[in-house]
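# Build me a model from this:
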Amino acid sequence: MKFKKFGGTEQRVYDLIKPITDELGYYLWDVSYVKEGAMWYLRVFIDCDEGITIDDCERATRPIDEILDKADPISQSYMLEVGSAGLERELLKEEHFEVCQGDEVRIRFIRAVDGEKEIVGNLIGADKDGVAVEIGGEEKKFALADISFVKLYMDFE
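Numbering: from 1, shown residues only. Down below sits the predicted model:
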């Protein structure tokens, strides 16, 4: 696992729309610009303490679309999607790990670590050396190179 670094297009879009999401009271979780099949998708993921509804996505889409049309930071055509980061969102950037300290997370490993392919624990923090979690009252740190992903964990049972 590596901390996500924005590509040039994603960074330009992030810089353009961050003031809008801030003004609307949303946390700009992530911006993703990907090609799927023949289409390009610009995905904007937002969050807020009360959760995100479809109305929130619509409320954010209009001003985001307007500023992108005006600034025109992307040369080819694309589909804009604004959505929730989701309950079991992936932690991608260092700031995600800071915001989610104390939350329960699921870590999936590339190969089994201590006989486990996946663990659940409370997030203590993360840095360039690894991710630290508390499991059963014990702190454990796992190297980023061993981790496939880290996601917020919700026990729905």
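# how about Phe97, secondary structure?
helix (DSSP: H, G, I helix; E, B strand; the rest coil).
# That one and Phe156: what is the separation?
Phe97 sits 23 Å away from Phe156, going by C-beta to C-beta, to the nearest Å. Heads up, the C-betas are built off the backbone N, CA and C, glycines and all.
# residues contacting Asp30?
The neighbours of Asp30, taking C-beta atoms under 8 Å, 6 or more residues apart in numbering as the test, are Lys4, Arg43, Val44, Phe45, Ala85, Leu92, Lys93.
# among the residues you listed, which are in strands?
Arg43, Val44, Phe45 (DSSP state E).
# how many other residues sit next to the closest residue in space to the first one that isn't next to it in sequence?
Nearest residue to Arg43, sequence neighbours excluded (C-beta to C-beta, 6 or more residues apart in numbering): Ser32, at 4.4 Å. The burial metric for Ser32, expressed as a neighbour count using other C-beta atoms under 10 Å, is 16.
# How about Arg89?
16.
# Next: Glu157.
3.
# Just the buried residues of the lowest-mean-pLDDT helix or strand in the chain, please?
Among the helical and strand segments of the chain, the one scoring lowest on mean pLDDT, DSSP states H and E is helix 94-99, with a mean of 92. Residues of helix 94-99 classed as buried under the neighbour-count rule (16 or more other C-beta atoms under 10 Å) are His96, Phe97.
# where are the low-confidence patches of the protein?
Residues of the chain meeting the criterion pLDDT under 70: 6.
# quick one: the strands in it?
Counting by DSSP E, the strands of the chain are 27-36, 39-47, 79-84, 104-113, 116-127, 130-135, 138-143, 147-152.
# how about these in a markdown table, adding distance to Leu68?
Output for the strands of the chain, formatted as a markdown table (distance: least, C-beta to C-beta, whole Å):
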| stretch | distance to Leu68 |
| --- | --- |
| strand 27-36 | 11 |
| strand 39-47 | 8 |
| strand 79-84 | 7 |
| strand 104-113 | 32 |
| strand 116-127 | 31 |
| strand 130-135 | 34 |
| strand 138-143 | 38 |
| strand 147-152 | 28 |
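# So for Pro19, which of those sits nearest?
strand 27-36 (9.7 Å; C-beta to C-beta).
# chain center to that closest one, what's the gap?
Its chain's average C-alpha position is 8 Å from that of strand 27-36, according to C-alpha atoms, centre = their mean, to the nearest Å.
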